[in-house]
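K.L.:
based on what follows, work out the 3D shape:
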Amino acid sequence: QVQLVESGGGSVQTGGSLRLSCAASGRSFSMYTVGWFRQAPGKERELVSRISAEGVLKYYADSVKGRFTISRDNAKNTMYLQMFSLKPEDTAVYYCAADLESKFVTRNFNELRYWGQGTQVTVSS
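P.N.:
Numbers count the residues shown, from 1 in each chain. This is a model prediction of the structure:
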């Protein structure tokens, strides 16, 4: 079992920065790929970024490439999403999720077993 808790959300102006954290409890965290998703009101959930268990392989959605950086510290059971140059369209609830790499690759996101409760990011113009 893995429990995930996000933090670091908030309200910033366009061009601002935030760093989200996803703290995990449980001994299996380092075995799993972890990812950041976001969902804005009236929109579908979107995979923003993911990072492999060892932290080597990273994926970014086109909409955040060059602005967001994902990282993880398995010794601290924590994953991070550093967000720069924020835009109003980045406004959403951000969730972290963890599971086997295969479920991310095949985009079976509804089958991901471990999710956090979400943290709100609001970017004002």
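
K.L.:
the helices in this structure, which residues?
P.N.:
Residue ranges of the helices in the chain, as given by DSSP state H, are 101-105.

K.L.:
for the residue nearest the centre of the chain, what are its contacts?
P.N.:
Taking C-alpha atoms, centre = their mean, the centroid of the chain lies closest to Trp36, which sits 1.8 Å from it. For Trp36, the contacting residues are 20, 22, 47-50, 70, 79, 81, 94-96, by C-beta atoms under 8 Å, 6 or more residues apart in numbering. All C-beta atoms are positioned from the backbone trio N, CA, C, and that covers glycine.

K.L.:
which of the residues you listed fall within strands?
P.N.:
The strands, defined by DSSP state E, take in 20, 22, 47-50, 70, 79, 81, 94-96 from the contacts of Trp36.

K.L.:
sorry, back to before: quick check, nearest of the contacts of Trp36 to Phe104?
P.N.:
Nearest to Phe104, judged by C-beta to C-beta, of the contacts of Trp36 is Arg50 at 5.2 Å.

K.L.:
surely the closest one meets Tyr32?
P.N.:
No. Checked against C-beta atoms under 8 Å, the pair Arg50 and Tyr32 is beyond contact range at 10.4 Å.

K.L.:
what about stretch 61-69, how long is it end to end?
P.N.:
Between the opening and closing residues of stretch 61-69 lies a distance of 11 Å (C-alpha to C-alpha, to the nearest Å).

K.L.:
what's in contact with it?
P.N.:
Outside stretch 61-69, the residues that touch it by C-beta under 8 Å, 6+ apart are 46-49, 60, 81-86, 89-90.

K.L.:
can you list those in TSV and add neighbour count?
P.N.:
What follows is those, written out as TSV (neighbours: other C-beta atoms under 10 Å):
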residue	neighbour count
Glu46	15
Leu47	16
Val48	24
Ser49	22
Tyr60	18
Leu81	25
Gln82	14
Met83	25
Phe84	14
Ser85	13
Leu86	22
Glu89	11
Asp90	23
